[in-house]
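Student: My questions are about this predicted structure, shown below with the sequence.
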Amino acid sequence: MIRKKRVLITGGAGFIGSHLSELFLRKGYEVICMDNLITGSIKNIESFKGDKSFKFIKHDVTRYIGIKGKIDYVLHFASPASPIDYLRYPIQTLKVGSLGTHNALGFAMAKNAAFLLASTSEIYGDPLVNPQPESYWGHVNPIGPRGVYDEAKRFAEAITMAYHRVHKVDIRIARIFNTYGQRMRGADGRAIPNFINQALKGNPLTIYGTGSQTRSFCYIDDLTRGIYMLLMSKETNPVNIGNSNEISLLKLAKTILKLTDSNSRVAYLPLPADDPKVRCPNITKAIRVLKWKPHTNLEKGLLKTIAYFQKSDIR
């Protein structure tokens, strides 16, 4: 009997982590989902908790990770990821990016497992280059309120590369850009769930600044496919995973108003400190190395996300 490959996904009950858990189960893996549920939710994994190939462990990865048996892959996705979360949990965010990454890397090394780090476009800070290629070193305020997340992820990348160079750990680094889809929280604090939630309730859509700042949004199915393809590759340097189609936040808000048939208005609020003016990935490397690119256009992905919000109780 052929042994099923086993994968540990830290942060596996989160938005992206739960979709990755589902993807690996679908592909025939044994999945161990580890999460302390600070921002993750049991609801995200309820639909496959009964699967014999799935196991949930409630655990904080800033503490020692101990799992018996062979592990083939470690995907480190544990971390608050939205501004609301990492501003609410600044020390936990720094600890999971540093101590948590250290523990996960040590565990991967002990198990001789391949390790994939969920990094972020936030390592580029408020970029002076647009779109952002992997070669860009970033423009980050290390002591600003967003620095707790930016610097935690920059440190995570540095220690991941150190484990690769010193201990020969087989690593991958995914720089994940804005992602959206089902299982996002209504109070997530990010643009798409905020706008959908406000539009469905008939509340004003809150835009910070003029709304001229731009973002690019990747649908969750495209992102998880890219993560899997990166894991299966031999690329050990960072790779941007995201959608390169840029849109202003004001245009995004108006698109969501149209798709939800909402009569809500747009309300303008002061711009938060260090809020990036642009955010768009250069995905040339992902296209060349992974043969990956996103397939889901924004309107199609938004309709699926809106439908999820409409039938759920997350509002």
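Tutor: Sure, I can see it.
Student: From here on, just use CA atoms for contacts and neighbour counts.
Tutor: Fine.
Student: Check the burial of the nearest residue to residue 7 once chain neighbours are set aside by counting its neighbours.
Tutor: The shortest distance from residue 7 to any non-neighbouring residue, by CA to CA, 6 or more residues apart in numbering, is to residue 73 (4.7 Å). Residue 73: 22 surrounding residues under other CA atoms under 10 Å.
Student: and what of the one 3 residues further on?
Tutor: Number of residues near residue 76 (other CA under 10 Å) recorded here: 26.
Student: Next, work out how far apart it and residue 256 are.
Tutor: 32 Å (CA to CA, to the nearest Å).
Student: same thing with residue 94?
Tutor: In terms of CA to CA, residue 94 sits 34 Å off from residue 256.
Student: before we move on, back to that, I'd guessed the residue nearest to residue 7 sits against residue 6; true?
Tutor: Yes: here residue 73 reaches residue 6: they are 6.7 Å apart, a contact under CA atoms under 8 Å.
Student: Buried residues in stretch 182-190, which are they?
Tutor: Across stretch 182-190, burial judged by 16 or more other CA atoms under 10 Å covers 182-186, 188-190.
Student: could you dump those residues to a markdown table with pLDDT and distance to residue 128?
Tutor: What follows is the buried residues of stretch 182-190, written out as a markdown table (pLDDT from 0 to 100; distance: CA to CA, whole Å):
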| residue | pLDDT | distance to residue 128 |
| --- | --- | --- |
| 182 | 97 | 32 |
| 183 | 96 | 32 |
| 184 | 94 | 29 |
| 185 | 90 | 31 |
| 186 | 84 | 31 |
| 188 | 85 | 27 |
| 189 | 85 | 25 |
| 190 | 90 | 22 |
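Student: Outline the domain layout of the protein.
Tutor: The chain breaks down into these domains under automatic domain parsing: 6-181+218-243+280-295, 191-213+246-278+305-311.
Student: Among those, show me which one is buried the most.
Tutor: domain 6-181+218-243+280-295 (a mean of 20; mean count of other CA atoms under 10 Å).
Student: where along the chain do the helices fall?
Tutor: Applying DSSP state H to the chain gives helices spanning 15-26, 83-88, 90-95, 101-111, 147-167, 191-201, 220-231, 249-260, 284-285, 298-311.
Student: Any chance of the ones you listed in TSV with distance to residue 141 and mean pLDDT as columns?
Tutor: Output for the helices of the chain, formatted as TSV (distance: least, CA to CA, whole Å; pLDDT from 0 to 100):
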stretch	distance to residue 141	mean pLDDT
helix 15-26	26	98
helix 83-88	15	92
helix 90-95	15	97
helix 101-111	22	98
helix 147-167	6	97
helix 191-201	22	95
helix 220-231	27	98
helix 249-260	23	97
helix 284-285	27	98
helix 298-311	31	96
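Student: can you list the ones you listed in CSV and add distance to residue 269?
Tutor: Listed next are the helices of the chain as CSV, based on distance: least, CA to CA, whole Å:
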stretch, distance to residue 269
helix 15-26, 27
helix 83-88, 16
helix 90-95, 23
helix 101-111, 36
helix 147-167, 22
helix 191-201, 13
helix 220-231, 28
helix 249-260, 12
helix 284-285, 35
helix 298-311, 24
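Student: Could you tell me how far residue 74 is located from residue 31?
Tutor: Taking CA to CA, one finds residue 74 at 10 Å from residue 31.
Student: where do the contact lists of those two overlap?
Tutor: Residues touching both residue 74 and residue 31 (CA atoms under 8 Å, 6 or more residues apart in numbering) are 7-9.
Student: Among those, which ones are in strands?
Tutor: Using DSSP state E, the subset of these located in strands is 7-9.
Student: and which of those is nearest to residue 282?
Tutor: Using CA to CA, residue 9 is the member of these that lies nearest residue 282, at 26.6 Å.
Student: The closest one contacts residue 72, doesn't it?
Tutor: No: Residue 9 is beyond contact range of residue 72, at 11.3 Å (criterion: CA under 8 Å).
Student: give the contact list for the closest residue to residue 156 other than its chain neighbours.
Tutor: Closest residue in space to residue 156, ignoring its immediate chain neighbours: residue 97 at 5.5 Å, by CA to CA, 6+ apart. Residues near residue 97 by CA under 8 Å, 6+ apart: 79, 149, 152-153, 155-156.
Student: redo that, cut-off 7 Å
Tutor: Contact analysis of residue 97 by CA atoms under 7 Å, 6 or more residues apart in numbering lists 79, 152-153, 156.
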